[in-house]
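1. Sequence first, predicted model second:
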Amino acid sequence: MRYSTGMAKEKELASTLKDWEAVFRQGLLTFWTFVALDAEWHDVASLKTRVKQLTNGTYDPADQTLYRQLRRHLDVGLVEVRLENSPAGPPRKLYRLSRRGRQVLEQFAYRNIQPFSQPEVQNIIERTQT
């Protein structure tokens, strides 16, 4: 019985972690999108690939989610768009951060991401590597 109780607790822990990660990742999609758009122009397909790379494959956003997010950020001036001729079909839309978007990203990272470099957090990260 002890074995099955241990397995049940492991499953419960895995389920709790999965739920927490889902909420965490959803809240950070804008951050990872902005990081990707900070360095270069992306269409939705390459943006999706870059977000997946940046998050070590833990986040694979749906195209529709990215389209909605990009429209919302275009509307408030955080992202800009340009059209690029495509050899087959309509022009491709390419996106990148606007100057204002970069400012928001920098301030957000300083206020909300930089604290992850504190020794207490780094100790927790290092514990999982041993």
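-> Arrived safely, thanks for sending.
2. Residue ranges in this protein under the pLDDT threshold?
-> When residues are selected by pLDDT under 70, those of the chain lie in 1-4, 25-26, 130.
3. Spatially central residue in it, please.
-> Central residue of the chain (CA atoms, centre = their mean): Trp32, 3.1 Å from the mean position.
4. Within the helices and strands, which one has that one?
-> Per DSSP states H and E, Trp32 falls inside helix 2-39.
5. Can you point out the buried residues in that helix?
-> Residues of helix 2-39 classed as buried: 28-37 (neighbour count, 16 or more other CB atoms under 10 Å). Heads up, the C-betas are built off the backbone N, CA and C, glycines and all.
6. Which strands or helices does it pack on?
-> helix 44-54, helix 63-75, strand 92-97, helix 99-108 (3 or more CB pairs under 8 Å, 6 or more residues apart in numbering; DSSP states H and E).
7. ok so, going back, Pro61: which of the buried residues of helix 2-39 is nearest?
-> Distance to Pro61 across these (CB to CB) is lowest for Leu29, with 5.9 Å.
8. Now that the closest one has come up, it's in contact with Ala62, right?
-> No. Using CB atoms under 8 Å, Leu29 makes no contact with Ala62, being 10.2 Å away.
9. got the angle for the helix holding Trp32 vs helix 63-75?
-> 40 degrees (axes from the mean of the first three to the mean of the last three CA atoms, to 10 degrees).
10. thinking again about what came up before, out of the helices and strands packed on helix 2-39, which one sits most buried?
-> strand 92-97 (a mean of 19; mean count of other CB atoms under 10 Å).
11. Mind giving me the packing neighbours of that strand?
-> helix 2-39, helix 44-54, strand 79-84.
12. can the ones you listed go into a markdown table with extra columns for distance to Ser98?
-> Shown next, in a markdown table, are those (distance: least, CB to CB, whole Å):
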| stretch | distance to Ser98 |
| --- | --- |
| helix 2-39 | 9 |
| helix 44-54 | 15 |
| strand 79-84 | 5 |
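13. Nearest to Gln122, out of those?
-> helix 2-39 (18.2 Å).
14. helix/strand/coil for Ser86?
-> Classification of Ser86 by DSSP: H, G, I helix; E, B strand; the rest coil places it in coil.
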